[in-house]
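Chemist: quick one: sequence plus predicted model below, questions after.
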Amino acid sequence: MRFNFFIKPKLSIILVAYKMSREIPRTLKTLSSNYQKNIKQQDYEIILVENNSDDLLDSESLKKQYPNLRYFLNTKNPFSPAYALNYGLKKSKGKHIAFCIDGARMFSPRIIDGILKTAQLYKNYIIATHAFHLGVEVQNIAVLKGYNQAIEDELLQSVDWERNGYFLFDISVFASSSKDGWFSHIAESNCIAMPRKTAFKLKGYSEEFITLGGGYTNMDFYKRAQSLDEHQLVYLLGEGTFHQVHGGVATNLPDPPFDQYLKEYKQIRGERFVPTELPESIAYIGTMTPSNKKHILSQY
């Protein structure tokens, strides 16, 4: 089906990539209309902003495979995910925006459906999704024990995730940001969605964060979003993103530079970073599947 870019999509999904020639094809497959449930290709666009490197994606091939994909190469500020996300926001056309700072994360099958259903229920909302790491333990620990891309490739081949994306829950664990489970506060999210007007009200991501990987720019954006008045915080129940191992600074190093991140945050915001507390009101939208059972039982 040919995508009509003259029709404004309901949703723009903004992805950032950097040296992800292995991971991005899987990410895009999980965002395709053949994989995502209850949506049409015309409902959304995928904006992929790739930070310049010596390992670039075959963008022309990807655009042929995914007609609703728009690709942009960032050469102006090739090390900043904040700049790339803001660039994607400026290029977007959707009435609603989903920010995904780490393009190496695969998606469960009803994330787009959940965002669009939320948009019908609430005029002002902030969506956060739970995060998972592929493997039997969080990847910061797993890489110390030999977990690598080859092992992960075999792990993904062990389940038919292309037919049923919920099988990804069978081969993953909660990330540290979601470690307390489905019904606890999400400390950080890799898929944060909101109305377009809200994204511009927040002025996008802060490009003052310049430490490797963007430092706490995603945490800062998420915190500022939750502080907005008259916005309902929504968690997509039974959905999540799944991190592929790729050498990420915060997810795949045994000793992430969190001290640098905290120092930079204090320099920018003038105060020590403190995550938001559990809100008084969280709305849950979604359904639980048999594959979610493992992660429910792990909490008790």
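Modeler: Happy to help now that I have it.

Chemist: let me know the outermost residue of the protein.
Modeler: In the chain, the greatest distance from the average C-alpha position (Cα atoms, centre = their mean) is reached by residue 270, at 27.5 Å.

Chemist: would you quantify the distance from it to residue 286?
Modeler: Shown here: residue 270 relative to residue 286, a distance of 38 Å by Cβ to Cβ, to the nearest Å. Any C-beta I mention is one placed from the backbone N, CA and C, and that applies to glycine too.

Chemist: now the end-to-end length of stretch 53-73.
Modeler: Length of stretch 53-73, first residue to last, Cα to Cα, to the nearest Å: 10 Å.

Chemist: identify the residues contacting that stretch?
Modeler: Applying Cβ atoms under 8 Å, 6 or more residues apart in numbering, the set of residues contacting stretch 53-73 from outside is 1-3, 5, 9, 17-21, 24-25, 28, 31-33, 41-42, 44-50, 52, 78, 87-88, 91.

Chemist: and for stretch 115-126?
Modeler: When contacts are taken as Cβ under 8 Å, 6+ apart, the neighbours of stretch 115-126 outside the stretch itself are 10-11, 39, 43, 95-96, 98, 127, 192-195, 198, 225-226, 228, 230-234, 236, 283, 285.

Chemist: in it, which residues are buried?
Modeler: Applying a neighbour-count criterion of 16 or more other Cβ atoms under 10 Å, one finds 115-119, 122, 125-126 buried in stretch 115-126.

Chemist: could you dump those residues to JSON lines with distance to residue 56 and secondary structure?
Modeler: Below are the buried residues of stretch 115-126 laid out as JSON lines (distance: Cβ to Cβ, whole Å; DSSP: H, G, I helix; E, B strand; the rest coil):
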{"residue": "115", "distance to residue 56": "29", "secondary structure": "helix"}
{"residue": "116", "distance to residue 56": "32", "secondary structure": "helix"}
{"residue": "117", "distance to residue 56": "36", "secondary structure": "helix"}
{"residue": "118", "distance to residue 56": "34", "secondary structure": "helix"}
{"residue": "119", "distance to residue 56": "34", "secondary structure": "helix"}
{"residue": "122", "distance to residue 56": "39", "secondary structure": "coil"}
{"residue": "125", "distance to residue 56": "35", "secondary structure": "strand"}
{"residue": "126", "distance to residue 56": "33", "secondary structure": "strand"}
